[in-house]
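Peer 1: no sequence on this one, just coordinates:
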Ligand SMILES: Nc1ncnc2c1ncn2[C@@H]1O[C@H](COP(=O)(O)OP(=O)(O)OP(=O)(O)O)[C@@H](O)[C@H]1O
Ligand SMILES: [Mg+2]
């Protein structure tokens, strides 16, 4: 039963990849709708990062299909993924410490003037616009990013990701390096992006964060999906049971990794 009326932004179907003998991802299927946050949970080594690296083009899958907006998508490298509006934010914030927010936003994709020089005015203007949308209180446009707090740095990384019209955002442990206040700030950013219709895969070890932010949760174990559920249909204890035992509760749709009764 599908309660959604729109076409999914992303459909990953029966995705597998092995490294040597290890089936890092084994027949995993999951989808993502516009304006939806799907939390990916599971123990270390469950295959979460590997699965989303297939979507972001960092790894090439051995088998399985990827559809974007219902259409079969060819994603063999990060450039392909970006072409579909897929952007990734990793735990290790990929920001350049010694330059300011505007420079970070346009790193490697600088705007130039008609005569080919860097268009600093246009870049700062655009940086203020995007950062203003995400984090209206941000004022430190002229300072090197290393002077910013973890939460502010994360908002620069997110602004960089959405600047070029990302529609699908992958966040792999975005708050792992942050304190509680900064984690709240990133949560607010996620809510903002959601309200703009961006779909987000959120990988986190913090089940409380996931319950606060995700519309649905998907639990992986040993490369397989244990189950997927609307967050409102399962309890935290049930989700812990999925993570630890692979036990799929009644409120979840079981995947191939669900423990057989
Ligand atoms: N490049 C690689 N080469 C070999 N094995 C890999 C590679 N990347 C991942 N693996 C293996 O694939 C499995 C899944 O790893 P993955 O990083 O996807 O787990 P994860 O769920 O993201 O875990 P964590 O919560 O620790 O980040 C693990 O057994 C890991 O050792
Ligand atoms: Mg990981």
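Peer 2: Cool, the structure landed. In this text, all values refer to a predicted model and were calculated from it rather than measured experimentally. Ligands and ions are numbered 1, 2, ... in the order given.
Peer 1: which stretches of the protein form strands?
Peer 2: Taking DSSP state E as the test, the strands found in the chain are 10-19, 22-32, 37-41, 63-68, 71-72, 86-90, 168-172, 199-203, 216-221, 224-230, 253-254.
Peer 1: quick one, helices of the chain?
Peer 2: 48-55, 78-83, 101-105, 120-134, 150-163, 180-195, 207-213, 236-245 (DSSP state H).
Peer 1: what's the most buried one of the strands of the chain?
Peer 2: strand 216-221 (a mean of 27; mean count of other CB atoms under 10 Å). For the C-beta atoms, the positions are set from N, CA and C on the backbone; glycine is no exception.
Peer 1: so what secondary structure elements neighbour that strand?
Peer 2: strand 37-41, strand 224-230, helix 236-245 (3 or more CB pairs under 8 Å, 6 or more residues apart in numbering; DSSP states H and E).
Peer 1: buried ones in stretch 230-245?
Peer 2: Judged by neighbour count using 16 or more other CB atoms under 10 Å, the buried positions of stretch 230-245 are 231, 234, 238-239, 241-243.
Peer 1: Just the closest of those residues to ligand 1, please.
Peer 2: residue 243 (10.6 Å; CB to the nearest ligand atom).
Peer 1: Now do the contacts for the spatially most central residue of the chain.
Peer 2: Centroid check for the chain by CA atoms, centre = their mean gives residue 170 as the closest residue, at 1.7 Å. Applying CB atoms under 8 Å, 6 or more residues apart in numbering to residue 170 gives the contacts 52, 55-56, 86-89, 200-201, 203.
Peer 1: cool, residue 60 as well?
Peer 2: 17, 54, 76-77.
Peer 1: I figured residue 252 was touching residue 234, is that so?
Peer 2: Yes - Residue 252 is in contact with residue 234 according to CB atoms under 8 Å; the separation is 5.8 Å.
Peer 1: follow-up on the earlier one: would you single out the least confident of the strands of the chain?
Peer 2: Across the strands of the chain, strand 86-90 has the smallest mean pLDDT, namely a mean of 86.
Peer 1: Partner strands of that one and their direction?
Peer 2: strand 168-172 (parallel) (DSSP bridges).
Peer 1: With distance to ligand 1 added, can I get the contacts of residue 170 in TSV?
Peer 2: Output for these, formatted as TSV (distance: CB to the nearest ligand atom, whole Å):
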residue	distance to ligand 1
52	8
55	12
56	12
86	17
87	18
88	13
89	14
200	17
201	12
203	7
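Peer 1: can I get the helices of the chain in TSV with mean pLDDT and distance to residue 64?
Peer 2: Shown next, in TSV, are the helices of the chain (pLDDT from 0 to 100; distance: least, CB to CB, whole Å):
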stretch	mean pLDDT	distance to residue 64
helix 48-55	96	8
helix 78-83	92	15
helix 101-105	82	33
helix 120-134	85	33
helix 150-163	80	25
helix 180-195	84	27
helix 207-213	92	24
helix 236-245	97	22
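Peer 1: now the ones you listed as a markdown table including distance to residue 11?
Peer 2: Listed next are the helices of the chain as a markdown table, based on distance: least, CB to CB, whole Å:
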| stretch | distance to residue 11 |
| --- | --- |
| helix 48-55 | 10 |
| helix 78-83 | 15 |
| helix 101-105 | 30 |
| helix 120-134 | 28 |
| helix 150-163 | 21 |
| helix 180-195 | 19 |
| helix 207-213 | 21 |
| helix 236-245 | 22 |
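Peer 1: re the thing from before, and which of the contacts of residue 60 is nearest residue 130?
Peer 2: Checking those against residue 130 with CB to CB, the nearest one is residue 77 at 25.6 Å.
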